[in-house]
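>>> Sequence first, then the predicted structure:
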Amino acid sequence: VQLVESGGGLVQPGGSLRLSCAASGFTFRTYFMSWFRQAPGKEREWVASINNIGSSTNYADSVKGRFTISRDNAKNTVYLQMNSPKPEDTAVYYCARYNSQKYDYWGQGTQVTVSS
């Protein structure tokens, strides 16, 4: 199993950025997936989740209305569209696979910095 995030970088407040997480080594379309983030000096926090077919999503209150999680099962990829990011969204972003009531595989993370 491998999860590889990409798309991070420097973005201005109010801009937009799309993160990708390419999955391999398992039947992607059968698993729920999530995004987490960890800011310096803080604990890792859950950001958003999506079910296996992309018909149901959930978001942390801090990103609701600004971020959108989606997936393309044909490409084995889950996305996080970040619109109107704020400086407090600066963090390393991770994707994770949900399996049997736990997150069992994580990517290596991609840095997102929101700054003017």
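Nice, thanks for sending it over. Numbering: from 1, shown residues only.
>>> Tell me the secondary structure of the residue nearest in space to the middle of the chain, please.
Taking Cα atoms, centre = their mean, the centroid of the chain lies closest to residue 35, which sits 3.1 Å from it. What DSSP: H, G, I helix; E, B strand; the rest coil gives for residue 35 is strand.
>>> and it, what is it in contact with?
By Cβ atoms under 8 Å, 6 or more residues apart in numbering, the residues touching residue 35 are 19, 21, 46-49, 69, 78, 80, 93-96. Placement of C-beta: from N, CA and C, glycine included.
>>> phi, psi of the closest residue to residue 28 other than its chain neighbours?
Ranked by Cβ to Cβ, 6 or more residues apart in numbering and with sequence neighbours excluded, the top spatial neighbour of residue 28 is residue 76, at 4.3 Å. Here is the backbone geometry of residue 76 (degrees, to the nearest 10): phi 50, psi 40.
>>> ok, residue 76 touching residue 22?
Yes - using Cβ atoms under 8 Å, residue 76 is in contact with residue 22, at 6.4 Å.
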